[in-house]
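A.B. asks: sequence first, then the predicted structure, then my questions.
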Amino acid sequence: MNVIPKPSRSHDPIETGIAAYLDEFIALRHDLHQYPELAFQERRTSKLVASHLSSWGYEVATGIAGTGIVATLARGNGKRSIAIRADMDALPIEEATSLSYASSNPGVMHACGHDGHTTILLAAARYLAEAGNFSGTLRLIFQPAEEIGAGARKMISEGLFERFPVDAVFGLHNWPAVPAGKFGFVADAAMASVDQAAIRIVGKGGHGAEPHRAVDPVLASASFITALQSIVSRNVDPQDMAVVTVGSIHAGSASNVIPESVELKLTMRAFSQAVRDKLQARVPALARAQAESFGATAEVDYRLGFPALINHRAETAFARDVALSCFEPESIEAGFRPRTASEDFAFMLQEKPGSYLFIGNGDSAPLHSAHYDFNDAIIAPAARYWVRLAETFLTDDNG
């Protein structure tokens with residue numbers, strides 16, 4: 001098991017309080033892992049989460065964006081309000097871990113740690129309900145459908161922040177290959193935007209022995225795929241970031257037949273809106289130009305996903321200071337850099353100030369791997385962090 005950095009206060013009541021029921025939450029995390037549910041299908045998970053929150057005295061609103069939950073706990077005379085968000089959905093991946101609590105749902109797996117994120121926030125929720133020292137309004141958001149980039153947007157469109165107003169919103173993600181329990185903070189762009197394109201290059205099918213009588217869409221597609229990287233190397237400022245990935249190619253079914261068409265699926269990522277706009281212009285233009293140069297045509301369906309996750313500077317500095325108040329300085333990962341993966345918490349940060357932070361998952365398989373498992377050793381420090389963040393934000397001095 002990975003070693004968690006030593007806390008700065010050995011008798012911190014938050015640490016002691018969470019430790020008292022930690023085994024229960026590890027068991028809960030294993031239960032969530034064993035019964036994963038895909039986006040907007042998190043019915044069992046949502047029911048379980050709501051039941052716990054209600055039993056601890058939270059006012060629980062369910063059915064937001066289908067399976068989403070907002071739990072509210074108000075205390076004292078403080079005027080400020082804070083939201084902390086966790087995601088609940090799993091991925092369409094066949095698990096290959098051989099764990100005793102491996103997924104019992106074929107083809108569905110918690111391969112990104114959302115089972116852990118939900119457990120962390122529940123552990124913090126219990127402590128805050130039983131012993132939290134705060135004055136103000138605490139809102140806990142349990143969001144569906146992060147993996148398809150739809151849950152945050154749907155909750156917002158259904159009046160999330162109008163029904164449950166807050167002054168700031170925070171979220172957290174575990175990260176493999178970062179030492180277990182170390183926190184990472186990034187101001188400004190912390191995660192990339194993501195857009196998708198489905199491209200169909202249409203030629204003229206024919207016999208593999210007579211290519212001159214056909215228009216080969218495979219050759220046109222190969223040229224397009226190679227040329228795609230010229231967008232990053234020649235159209236984007238070298239000091240900026242862009243990632244263009246072709247993740248799917250489908251063409252034909254026989255070695256001696258030139259197919260009529262080729263279908264490709266792409267993702268495009270960027271940290272800045274200017275680069276995102278550049279990709280949106282150049283990818284379709286290059287597909288059409290490359291296809292035309294071979295006598296083929298290109299049909300492009302370019303779909304915007306979600307924007308880059310932009311952390312607010314003041315809230316990120318606050319979040320980092322909270323970590324320093326809980327743990328030793330070495331508990332913060334020095335030089336933690338933005339991640340080129342994407343996260344629909346970006347939509348919440350477009351609505352409210354806040355910050356999305358990271359905690360190391362240790363030496364685990366990467367996210368979205370069939371061999372990934374969330375590290376139970378980080379539940380306690382992450383829950384302790386959420387408690388301290390909420391208590392620090394919700395004080396009479398700030399209200």
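C.D. replies: Perfect, thanks for sending it. The shown structure was predicted, so the numbers you read here are calculated from the model rather than taken from an experiment. Residues are numbered from 1 along each chain as shown.
A.B. asks: can you give me the helices for this protein?
C.D. replies: With helices called from DSSP state H, the chain shows them at 13-20, 22-34, 43-55, 114-131, 151-157, 160-163, 217-230, 273-293, 313-326, 345-351, 379-393.
A.B. asks: out of the ones you listed, which is closest to residue 363?
C.D. replies: helix 114-131 (15.7 Å; Cβ to Cβ). Bear in mind the C-beta positions are built from the backbone N, C-alpha and C, glycine included.
A.B. asks: what inclination does that closest one have with respect to helix 379-393?
C.D. replies: 50 degrees (axes from the mean of the first three to the mean of the last three Cα atoms, to 10 degrees).
A.B. asks: report the angle between helix 114-131 and helix 22-34.
C.D. replies: Helix 114-131 and helix 22-34 are oriented at 150 degrees to each other (the same axes, to 10 degrees).
A.B. asks: so what does helix 114-131 touch, helix or strand wise?
C.D. replies: Counting contacts by 3 or more Cβ pairs under 8 Å, 6 or more residues apart in numbering; DSSP states H and E, helix 114-131 packs against helix 13-20, helix 22-34, helix 43-55, strand 68-75, strand 81-87, strand 136-143, strand 168-176, helix 379-393.
A.B. asks: same thing but 6 Å
C.D. replies: In terms of contacts (3 or more Cβ pairs under 6 Å, 6 or more residues apart in numbering; DSSP states H and E), helix 114-131 is packed against helix 13-20, helix 22-34, strand 81-87, helix 379-393.
A.B. asks: can I get those in a markdown table including mean pLDDT?
C.D. replies: Below are the helices and strands packed on helix 114-131 laid out as a markdown table (pLDDT from 0 to 100):
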| stretch | mean pLDDT |
| --- | --- |
| helix 13-20 | 96 |
| helix 22-34 | 98 |
| strand 81-87 | 98 |
| helix 379-393 | 98 |
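A.B. asks: tell me which of these sits nearest to residue 124.
C.D. replies: Each of those was scored for nearness to residue 124 using Cβ to Cβ, and the closest is helix 379-393 (3.8 Å).
A.B. asks: and the helices of the chain: which comes nearest residue 237?
C.D. replies: Among the helices of the chain, the nearest to residue 237 by Cβ to Cβ is helix 273-293 (7.8 Å).
A.B. asks: alpha carbons only: can I get the closest one in CSV?
C.D. replies: Presented in CSV, the C-alpha positions along helix 273-293 are these (Å, rounded to 0.1, in the frame of the first residue of the first chain):
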residue,chain,number,x,y,z
GLN,A,273,-10.1,28.8,-26.9
ALA,A,274,-8.1,30.3,-29.8
VAL,A,275,-6.4,26.9,-30.4
ARG,A,276,-9.7,25.2,-30.1
ASP,A,277,-11.1,27.4,-32.8
LYS,A,278,-8.1,26.8,-35.0
LEU,A,279,-8.6,23.0,-34.7
GLN,A,280,-12.3,23.4,-35.5
ALA,A,281,-11.4,25.3,-38.7
ARG,A,282,-8.4,23.3,-39.9
VAL,A,283,-9.5,19.7,-39.3
PRO,A,284,-12.5,19.8,-41.6
ALA,A,285,-10.6,21.9,-44.2
LEU,A,286,-7.7,19.4,-44.3
ALA,A,287,-10.1,16.4,-44.5
ARG,A,288,-11.8,17.9,-47.5
ALA,A,289,-8.6,19.1,-49.2
GLN,A,290,-6.8,15.7,-48.8
ALA,A,291,-9.8,13.8,-50.0
GLU,A,292,-10.2,16.0,-53.0
SER,A,293,-6.6,15.6,-54.0
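A.B. asks: picking that back up, can I get the helices and strands packed on helix 114-131 in CSV including mean neighbour count and distance to residue 182?
C.D. replies: Shown next, in CSV, are the helices and strands packed on helix 114-131 (neighbours: other Cβ atoms under 10 Å; distance: least, Cβ to Cβ, whole Å):
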stretch, mean neighbour count, distance to residue 182
helix 13-20, 17, 17
helix 22-34, 18, 19
strand 81-87, 25, 20
helix 379-393, 24, 9
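A.B. asks: now render the ones you listed as TSV, adding distance to residue 52.
C.D. replies: TSV is the format used below for the helices and strands packed on helix 114-131 (distance: least, Cβ to Cβ, whole Å):
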stretch	distance to residue 52
helix 13-20	15
helix 22-34	8
strand 81-87	13
helix 379-393	13
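A.B. asks: any idea which of those gets closest to residue 181?
C.D. replies: So among those, helix 379-393 is nearest, using Cβ to Cβ, at 4.8 Å.
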